[in-house]
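Peer 1: Next one to model:
(chains A, B, C and D, ligands or ions: 4)
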Amino acid sequence: MRLRNVVYFWREAWKSLRRNKVLTIASVSTVSICILILGMAVLMTANAGNVMKKLESDVEMVAFLDRALTRSQISQIEEQISRLDGVKSVKFVSRDTALARLEKSYGNKEYDLKSTLGKNPLPHSFEVKAKNPHDVPRIASKVGKIEGVYKVNYGQGVVERLFAVTKWVRAISLAFIVLLSLGAIFLIATTIRLAIYARRKEIYLMKLVGATDWFIRWPFFIEGILLGTLGALFSILLLAGAYSSLVSNMGSVYFIPLVTGGPILNQLYIALLAAGAVLGVVGTYISLNRFLDV
Amino acid sequence: MRLRNVVYFWREAWKSLRRNKVLTIASVSTVSICILILGMAVLMTANAGNVMKKLESDVEMVAFLDRALTRSQISQIEEQISRLDGVKSVKFVSRDTALARLEKSYGNKEYDLKSTLGKNPLPHSFEVKAKNPHDVPRIASKVGKIEGVYKVNYGQGVVERLFAVTKWVRAISLAFIVLLSLGAIFLIATTIRLAIYARRKEIYLMKLVGATDWFIRWPFFIEGILLGTLGALFSILLLAGAYSSLVSNMGSVYFIPLVTGGPILNQLYIALLAAGAVLGVVGTYISLNRFLDV
Amino acid sequence: MLVQFYNVSKIYSNGVKALDDVSLKIERGEFLFLMGPSGAGKSTLIKLFFREEAPTRGQIFIASRSIVRMKRSEVPRLRRNIGIVFQDFKLLENKTASENIAFAMEVVGANPKEISQRVAEVIEMVGLKGKENSFPGELSGGEQQRVGIARALANRPLLLIADEPTGNLDIDTSREIMELLFDINRKGTTVIMATHARELVKAARKRVILLDKGRVIADNPNGESIV
Amino acid sequence: MLVQFYNVSKIYSNGVKALDDVSLKIERGEFLFLMGPSGAGKSTLIKLFFREEAPTRGQIFIASRSIVRMKRSEVPRLRRNIGIVFQDFKLLENKTASENIAFAMEVVGANPKEISQRVAEVIEMVGLKGKENSFPGELSGGEQQRVGIARALANRPLLLIADEPTGNLDIDTSREIMELLFDINRKGTTVIMATHARELVKAARKRVILLDKGRVIADNPNGESIV
Ligand SMILES: Nc1ncnc2c1ncn2[C@@H]1O[C@H](COP(=O)(O)OP(=O)(O)OP(=O)(O)O)[C@@H](O)[C@H]1O
Ligand SMILES: Nc1ncnc2c1ncn2[C@@H]1O[C@H](COP(=O)(O)OP(=O)(O)OP(=O)(O)O)[C@@H](O)[C@H]1O
Ligand SMILES: [Mg+2]
Ligand SMILES: [Mg+2]
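Peer 2: Ligands and ions are numbered 1, 2, ... in the order given. Purely as a prediction, here's the structure:
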């Protein structure tokens, strides 16, 4: 492509955007809205994912130890557990600590368990976390087989259900994002198709005076890029503003694990911008061909 | 409006839908996609709402009783609690039951708490549910003041956080639905505007040969209704199919409280259908006026 | 007096002065040619009759009603009484020839039977029999022009304004169209026709108004001095 | 031999037979009038030259290349060597007069300086000085037609085809346009012109082909017997 043409194509694209105001405004705002909704959905999904990760990471198991163990036996068991595949952390909880905890939920000043009982009936235990919460059931069964451990608790039943829920939530939000993306592609392509339809006579004439397909396509593509980028830019500004104000209003107060990583958000915004530009061009490409056959 | 005109308007609308295929397909599919996404979002929100209701309804308080109470004192306390405003249910948990539960999480065959202890150190308690889970903190403080109750537990701290989270989830999904609705209105209006723009010369000529604004508007409105309804119909069929297959695949397996009430779903579908028709007309109305001023 | 123009000027928004102080009287039942070089202002003058354009200065009366001060809601009635043949035809592309004609009748609320009868009649009159169901894109230039003429005739207007109605017609067809116009003129319709076709004007011996650069430079009762 | 038609027929998809067994030879440098009543097939014949329509039967050669068997990718080159004045002008509504003309030159890859120079030249030739920056909607019918003529001239085509180029022009402007066409014809361009203007044809004394109902019914070297 010669430089002269490049200049010509950009000038044409720009002129046409300015002169076909109705079409330009329609296309830009369609892109804008689609990207805005898509971006919002992605942010929601990311945050939901965060919350679910948090929920899952709270899953841990407690291994109760036999009563008659020596210090060295206990630390041997600790080592055995730590060596298991996928174990993230092992924390010793002494019977005294366990009793103190129990007391905290039942006790009051005048009436405390320890003095009532005289002696502590609770066992020592280990709190074990897995690198991947989904491994907890598997690891629990291994821990249970270690000599000196008489029982492992991890909320059997409830945990499996939690995982089922998070799995479905993830699947459905993914499906929704995919649907939204397809919808955005389709809506943008439709708008562009209508905009091009309104200019079909122009294309027809271009062909009649001897323009090649590519000579006609380029300015349209550039228009597509421009309006896609412009539309995406609007929506990203809006989205970034709204989200950062949400984070600063809410994040600090309620301990909800919001996605706040600057780089991650920036990547998202850049991806949305690129999506706008790409959708602009792809929409144009799809729509243009049928009018070129003259 | 005379009957002759009614017939004329419907015939015109129908003819124009058939003859302007590009425009019709574009408009119908835009409505379709918008309603589909909107419907899916509403279903998701409704189900998320269900889940959160479930989570919230699990919130309850436990009131621990002083040791030296008689039977009649205990039932007096029970009555006092039940009479409190907003209390849904009160369930007595004896110290024996409490110990059995404790044992279940710590105990094993060879080593049981009861025999170790000789006597049960735990107090009697009441499990109290509120009609509205959000009232739990308020009720808890009242229960705490009742003579004979020495302590009330309801997961202080955690519960407030849960409520904060559900509040935000609700607010954000509502905002998302509102945004989606606005987006749908806007996108549909934009598509219709483009479709009408492509026919602006037709409208111009109608005015020049003496057509009144309403004579021009009616067929366009009818077109709007038809394509809105048609578009909505497609998406509702898709949505209903997908959702009912989801429910039958998943609902029974994982105990997630899916929204399955036939009437509620039907109402939703009807609302979406109406939304399609209304959006079709409103989009037409907004877009048409500027072309009528000749 | 059907039409009165008093000191009418039209300056388009881009500053072009298309009409310059035009005064004009047209009697009921007259047949009037508008002539003048390309760009003289003929089409602009015509557009003032049915308020496609509004004059920048001056007053226009049609049937003693000022159409300058006319309310927006009254404009459709005005237009229904005027039949217009547009220089660029202005046919609806997705309506067939007969639908294009029927349309103008539907606007005025004629009943379906009347419409189909009259449509067949005017189609016949302009020599388009057999082309009723063709879309404008399937018609030759002259055929499209004749659809435009037929549409203007359909409502039997009081005033018929034709802007260059024979520009795409051969001489024989043109003469037939002229016969048609003379005929409806004899039956009482006032006819105003902008044209470049000197042969036709010469043969007609009717009143001719000559425009140039937006001014009336001659107004001759039987066109002698002009052609 | 520049153009050869062998037994060309054109039947449109709705069954209308617009051309019926037309055979034709046109030499390089000729000036040719196409005449015939409205609907005779003049525009259809013209559309075959640059493949806007394909013939139903028969063969067409331009500069010895068959344009019936021509590949899709070769069509732009064919069209660039033909200047076309369309019966309905086909101007781009959102380009000014000079942009409409420049556009046809940009398509063939002329450089900007050349373009602006040539555009000013052809605008002057058709008498549109001062209207360069008007959009088609701001031009009179005749002015639009002249923009169309200027556009066809801009690329100095080997073959110029004009479909009714004077339909909206007064007789003086028409004569000027004819002079223009004769002039470029003298300089070597082959010109084919469909027209209804007998005066012009009579004065020109050039070859005339007469069409009727899709058939060539006369082919006269200097148009005597026809007009
Ligand atoms: N909408 C417009 N905006 C600006 N200028 C216009 C507009 N319409 C016409 N003109 C200008 O006004 C002048 C008169 O135009 P008009 O169309 O009335 O001419 P005309 O006599 O009908 O010419 P023709 O015989 O070529 O049709 C011309 O110079 C034209 O360029
Ligand atoms: N696209 C089309 N589809 C169907 N029929 C057509 C089409 N174009 C033209 N025709 C028909 O073909 C015949 C010849 O049309 P054509 O346009 O070639 O006539 P013409 O000689 O140019 O007439 P005019 O002088 O009125 O422009 C006419 O009967 C017309 O109705
Ligand atoms: Mg004019
Ligand atoms: Mg023709």
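Peer 1: So which residues lie in contact with stretch C:214-227, not counting its own?
Peer 2: Identification of contacts with stretch C:214-227 by C-beta atoms under 8 Å, 6 or more residues apart in numbering or on different chains yields C:9-10, C:17-24, C:33, C:35-36, C:40-41, C:44, C:198, C:201-202, C:204-211. For the C-beta atoms, the positions are set from N, CA and C on the backbone; glycine is no exception.
Peer 1: count of neighbours near residue A:142?
Peer 2: Counted with other C-beta atoms under 10 Å in any protein chain shown, the neighbours of residue A:142 add up to 16.
Peer 1: Tell me the buried residues in the helix or strand bottoming out on mean pLDDT in chain C?
Peer 2: Across the helices and strands of chain C, mean confidence by mean pLDDT, DSSP states H and E is lowest for helix C:198-204: a mean of 92. Neighbour-count burial for helix C:198-204, counted by 16 or more other C-beta atoms under 10 Å in any protein chain shown, picks out C:198-201, C:204.
Peer 1: Looking at the contacts of stretch C:214-227, which are in helices?
Peer 2: The members of the contacts of stretch C:214-227 that map onto helices under DSSP state H are C:44, C:198, C:201-202, C:204.
Peer 1: From those, pick out the ones that also neighbour ligand 2.
Peer 2: Among those, proximity to ligand 2 is found for none (C-beta under 6 Å from any ligand atom).
Peer 1: can you tell me which of those residues lies nearest to residue A:58?
Peer 2: Taking C-beta to C-beta as the measure, residue A:58 sits nearest to residue C:44 out of those, at 80.8 Å.
Peer 1: list the contacts for the closest one?
Peer 2: C:10, C:18-19, C:53, C:214, D:140.
Peer 1: Columns neighbour count and pLDDT on top of those residues, output as TSV?
Peer 2: Formatted as TSV, these follow (neighbours: other C-beta atoms under 10 Å in any protein chain shown; pLDDT from 0 to 100):
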residue	neighbour count	pLDDT
C:10	22	97
C:18	25	97
C:19	28	97
C:53	17	95
C:214	21	96
D:140	22	97
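Peer 1: Give me the average confidence score over stretch A:260-267.
Peer 2: Averaged across stretch A:260-267, pLDDT comes to 78.
Peer 1: List the contacts of that stretch.
Peer 2: Residues outside stretch A:260-267 that contact it (C-beta under 8 Å, 6+ apart): A:46, A:240, A:243, A:247, A:251, A:259.
Peer 1: Now do the third one, the pLDDT please.
Peer 2: Per-residue confidence at residue A:243 stands at 86 (pLDDT).
Peer 1: Now do the SS call for it.
Peer 2: With DSSP: H, G, I helix; E, B strand; the rest coil as the basis, the three-state label of residue A:243 is helix.
Peer 1: Check the burial of it by counting its neighbours.
Peer 2: With neighbours defined by other C-beta under 10 Å, the count for residue A:243 comes to 20.
Peer 1: Out of the contacts of residue C:44, which sit inside strands?
Peer 2: Among the contacts of residue C:44, the residues falling in strands (DSSP state E) are C:10, C:18-19.
Peer 1: In contact with residue C:115: list those residues for me.
Peer 2: Counting by C-beta under 8 Å, 6+ apart, residue C:115 makes contact with C:102, C:105-106.
Peer 1: what helix or strand is it on?
Peer 2: In this structure, residue C:115 sits in helix C:112-125 according to DSSP states H and E.
Peer 1: Could you give the separation of that helix from the chain centroid?
Peer 2: Here the centre of helix C:112-125 is set off from its chain's centre by 20 Å, with C-alpha atoms, centre = their mean, to the nearest Å.
Peer 1: next SSE after it?
Peer 2: Once the chain leaves helix C:112-125, the next helix or strand it forms, by DSSP H and E, is helix C:141-154.
Peer 1: Paired strands for the helix or strand harbouring residue A:150, with orientation please.
Peer 2: Residue A:150 belongs to strand A:149-153 when assigned by DSSP H and E. Within its sheet, and counting by DSSP bridges, strand A:149-153 is paired with strand A:61-65 (antiparallel).
Peer 1: so how far is residue B:102 from the residue of the stretch 51-200 of chain A found nearest chain B?
Peer 2: Nearest residue of the stretch 51-200 of chain A to chain B, counting by C-beta to the nearest C-beta: residue A:194, 3.9 Å away. According to C-beta to C-beta, to the nearest Å, residue A:194 stands 70 Å off from residue B:102.
Peer 1: out of those two, which sits in the busier spot?
Peer 2: residue A:194 (28 against 19).
Peer 1: Help me confirm that that one comes into contact with residue B:193.
Peer 2: No: using C-beta atoms under 8 Å, residue A:194 makes no contact with residue B:193, being 9.1 Å away.
Peer 1: Give the residues shared as contacts by those two.
Peer 2: residue A:26.
Peer 1: Tell me how many other residues crowd residue C:129.
Peer 2: Neighbourhood size, residue C:129 [other C-beta under 10 Å]: 10.
Peer 1: Model confidence for it, exactly?
Peer 2: As predicted, residue C:129 sits at a pLDDT of 96.
Peer 1: thought it was touching residue C:122?
Peer 2: No: with contact defined as C-beta under 8 Å, residue C:129 does not reach residue C:122; the gap is 10.9 Å.
Peer 1: picking up where we left off before, tell me which helix or strand comes right after the strand holding residue A:150.
Peer 2: helix A:158-197.
Peer 1: quick check: mean pLDDT across that following helix?
Peer 2: On average, helix A:158-197 scores 86.
Peer 1: Now do the phi/psi pair for residue C:50.
Peer 2: Main-chain dihedrals, residue C:50, degrees, to the nearest 10: phi -120, psi 20.
Peer 1: Could you pull up the residues touching it?
Peer 2: Counting by C-beta under 8 Å, 6+ apart, residue C:50 has contacts B:208, C:78-79, C:82, C:84, C:161.
Peer 1: how about a cut-off of 7 Å?
Peer 2: Residues near residue C:50 by C-beta atoms under 7 Å, 6 or more residues apart in numbering or on different chains: B:208, C:78-79, C:82, C:84.
Peer 1: Ok, residue A:87 next?
Peer 2: Contact analysis of residue A:87 by C-beta under 7 Å, 6+ apart lists A:81, A:128, A:130, A:139.
Peer 1: For the longest helix seen in chain C, which outside residues touch it?
Peer 2: For chain C, the longest helix by residue count, based on DSSP H, is helix C:171-186. Defining contact as C-beta under 7 Å, 6+ apart, one finds that helix C:171-186 is touched by C:31, C:125-127, C:142, C:149, C:153, C:160, C:165-166, C:169, C:191, C:193, C:197, C:200, C:204, D:37-38, D:196, D:198.
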